[in-house]
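Undergrad: After the sequence you'll find the predicted model.
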Amino acid sequence: MPKLNKIVFATNNAHKLDEIRSIAGESLEVLSLSDIGCHADIPENENTLEGNALAKARYVKEHYGYDCFADDTGLEVEALSGAPGVHSARFAPGTDHDSQANMTYLLSLLEGKENRKARFRTVIALIAGKEETLLDGIVEGEILKSPQGNSGFGYDPVFKPNESDRTFAQMTAEEKNAISHRGRATSKLLKKLKI
């Protein structure tokens with residue numbers, strides 16, 4: 001694969017964009033969808049993380065021609081048979097991307113359950129030239145009984161990775177990126193891009 005110095009990240013999520021740019025550093029210019037004039041709400045209708053990531057990357061490549069990557073991330077809770085998974089952002093009934101409602105709903109479903117094992121999984125779909133590649137990053141951990149910390153986003157206040165005694169929301173961005181699912185998937189991406 002040729003070495004790239006510019007790539008589009010198919011997201012409108014400012015938190016994700018900041019994380020990826022922080023991990024990539026100066027080695028790669030990461031453009032957002034708005035940077036390329038894409039203001040479409042790209043559908044995420046697939047029933048797997050892989051499917052959603054590929055759909056978003058293919059949309060950008062097809063409509064704008066840029067080499068790009070897209071990701072989809074899910075929290076997979078063992079006691080809930082892997083839920084919320086691909087529905088993590090829209091987990092709480094009647095809501096759309098409401099992190100607080102999703103977290104409250106998750107904790108209510110786990111009330112009284114001993115098994116609180118969970119993992120975050122990020123899948124990145126990369127399209128460079130005509131080549132499509134899927135990469136993933138996983139971090140194992142557990143769901144706490146109540147939120148702790150004010151940093152991060154999504155389920156970060158209730159997810160404690162096995163490598164730490166703190167939640168993602170209690171870590172600095174650098175600490176989180178060093179062990180997170182997105183950090184791990186992104187380092188595979190940078191390796192693939194030879195950065």
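TA: Received, thanks. All values derive from a computational prediction rather than experimental measurement.
Undergrad: Give the residue farthest from the middle of the chain.
TA: residue 112 (28.3 Å; Cα atoms, centre = their mean).
Undergrad: Is it in a helix, a strand, or coil?
TA: Classification of residue 112 using DSSP: H, G, I helix; E, B strand; the rest coil returns coil.
Undergrad: Then the one 10 residues further on?
TA: For residue 122, the secondary-structure state derived from three-state DSSP is strand.
Undergrad: and what of the one 3 residues further on?
TA: Secondary structure of residue 125, reduced to three states by three-state DSSP: strand.
Undergrad: OK, contacts around the residue nearest the centre of the chain?
TA: Nearest to the geometric centre of the chain sits residue 73, at 3.7 Å (Cα atoms, centre = their mean). Residue 73 makes contact with 49, 88, 120, 121, 122, 123, 181, 182, according to Cβ atoms under 8 Å, 6 or more residues apart in numbering. (Glycine included, C-beta is placed from N, CA and C.)
Undergrad: The longest helix belonging to the chain packs against which elements?
TA: Determined from DSSP state H, the single longest helix within the chain is helix 49-64. If you count contacts as 3 or more Cβ pairs under 8 Å, 6 or more residues apart in numbering; DSSP states H and E, helix 49-64 packs onto strand 68-77, strand 117-128, strand 131-143.
Undergrad: For that helix, what is the distance to the chain centroid?
TA: 15 Å (Cα atoms, centre = their mean, to the nearest Å).
Undergrad: What's the separation between the closest residue to residue 50 other than its chain neighbours and residue 5?
TA: In space, and not counting its chain neighbours, residue 50 is closest to residue 123: 5.1 Å by Cβ to Cβ, 6 or more residues apart in numbering. Counting by Cβ to Cβ, to the nearest Å, the gap from residue 123 to residue 5 is 24 Å.
Undergrad: what about the two, which has more around it?
TA: residue 123 (24 against 9; other Cβ atoms under 10 Å).
Undergrad: Outside of the one helix or strand in the chain whose mean pLDDT sits lowest itself, list whatever touches it.
TA: The weakest-scoring helix or strand in the chain, judged by mean pLDDT, DSSP states H and E, is helix 14-24 (a mean of 84). Applying Cβ under 8 Å, 6+ apart, the set of residues contacting helix 14-24 from outside is 9, 11, 30, 32, 71, 152-154, 173-174, 176-177, 180, 182-183, 186-187, 190, 195.
Undergrad: and if you look at stretch 127-138?
TA: Here stretch 127-138 has contacts from 1-2, 4, 7, 50, 53-54, 57-58, 60-61, 67-69, 119-126, 180-189, 192-193, using Cβ under 8 Å, 6+ apart.
Undergrad: Pull out the buried positions in that stretch.
TA: Of all the residues in stretch 127-138, those buried under the rule 16 or more other Cβ atoms under 10 Å are 127, 128, 133, 135, 136, 137.
Undergrad: Could you find the lowest-pLDDT member of these?
TA: Of all those, residue 128 carries the smallest pLDDT score, 91.
Undergrad: is that residue in a bridge, and if so with what?
TA: Beta-bridge pairing of residue 128 under DSSP bridges involves residue 131.
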